[in-house]
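Visitor: Fold the following.
(one chain, ligands or ions: 2)
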Amino acid sequence: MNSKPVTFYECNYCYSTYRTEQQANECCKCKVCGKEKSKWIITGQLGHFCEKCARKEERERINRYYDTAQRITLAEYNELHKNDDETGCLFNGDVYLFYQEDGGNGLIDEDLVFGTRIVRFREQFKDVESIVEDWFEPYTNIEENECSARDMAVGYDELITFLRGWIAKQDAHYYQPDFKTAVIIPPMDNGEEEEEENKL
Ligand SMILES: [Zn+2]
Ligand SMILES: [Zn+2]
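Guide: Ligands and ions are numbered 1, 2, ... in the order given. As a prediction, this is how the structure comes out:
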């Protein structure tokens, strides 16, 4: 007989098994503060951090972005976006500030925030030929001589024309932080609020 028994160690929280006791003990511990946490708190989303350390880590990351971002004033930011058809939006590291919709209230107590970039459905999907090509991929690939969706789709031109028109009409969009642009907010206290509102 050419075998021997082996020992495994199990993490008490998530029941993952390891070859060494140390690995098992470290499994569900925050890799920064060492606090033991259940699997439900040290999730894949937080990596190896407990919630508190993950928040701290995120804060530090945001601060590094502020350090390297180009700083512009709110007036300059508004000037850059004056032709946007959507309302102005900034990001303070936690939440989006729709400062034009709320008359500038969202900017009280903020001094430096990030700009945002708008992601529009109609721009994401404007390459309709590729979309249709993807739909047909499993069907066009199996042919000996590969053909395209254009060759295969019944009513291809009709479909492309329809999709172009339909996508152009979509106004769905969302905002993304633009970590390369930091916007300096002029001081606003409650007394100045009315005045600032008029300026915006
Ligand atoms: Zn574990
Ligand atoms: Zn921690």
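Visitor: Tell me how far residue 14 lies from residue 70.
Guide: Taking CB to CB, to the nearest Å as the measure, residue 14 and residue 70 are separated by 44 Å. (C-beta placed from N, C-alpha, C; glycine too.)
Visitor: Just the buried positions in whichever strand or helix holds residue 130, please.
Guide: Taking DSSP states H and E as the definition, residue 130 sits inside helix 128-141. Using 16 or more other CB atoms under 10 Å as the test for burial, helix 128-141 gives 128, 132, 136, 140.
Visitor: Show the secondary-structure elements that the longest helix seen in the chain is packed against.
Guide: Longest helix in the chain, counting residues (DSSP state H): helix 51-68. For helix 51-68, the packing partners by 3 or more CB pairs under 8 Å, 6 or more residues apart in numbering; DSSP states H and E come out as strand 112-120, strand 173-184.
Visitor: Looking at the ones you listed, which is nearest to ligand 1?
Guide: Closest to ligand 1 of the helices and strands packed on helix 51-68 is strand 173-184 (CB to the ion; 32.8 Å).
Visitor: Contacts for that closest one, please.
Guide: For strand 173-184, the external contacting residues (CB atoms under 8 Å, 6 or more residues apart in numbering) are 65-66, 68-74, 77, 86, 89-91, 96, 111-121.
Visitor: For the protein, list the residues in contact with ligand 2, please.
Guide: Applying CB under 5 Å from the ion, one finds that the chain approaches ligand 2 through 30, 32, 33, 35, 50, 53.
Visitor: how much space between the residue lying closest to the third one once chain neighbours are set aside and residue 30?
Guide: Beyond its immediate neighbours in the sequence, the residue positioned closest to residue 33 (CB to CB, 6 or more residues apart in numbering) is residue 53, lying 5.5 Å away. Noted for residue 53: a distance of 5 Å to residue 30, by CB to CB.
Visitor: Spit out the residues that contact those two alike.
Guide: With CB under 8 Å, 6+ apart, residue 53 and residue 30 have no common neighbours.
Visitor: This structure against ligand 1: which residues are in contact?
Guide: So the chain meets ligand 1 at 11, 13, 14, 16, 27, 28 (CB under 5 Å from the ion).
Visitor: residues contacting the closest residue to residue 27 other than its chain neighbours?
Guide: Counting by CB to CB, 6+ apart, residue 27 lies nearest to residue 11, which is 3.8 Å off, once chain neighbours are set aside. The neighbours of residue 11, taking CB under 8 Å, 6+ apart as the test, are 17, 18, 24, 25, 27, 28.
Visitor: what separates residue 11 from residue 107, distance-wise?
Guide: In this view, residue 11 and residue 107 are 46 Å apart by CB to CB.
Visitor: could the helices and strands packed on helix 51-68 go into CSV alongside mean neighbour count?
Guide: Formatted as CSV, the helices and strands packed on helix 51-68 follow (neighbours: other CB atoms under 10 Å):
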stretch, mean neighbour count
strand 112-120, 18
strand 173-184, 17
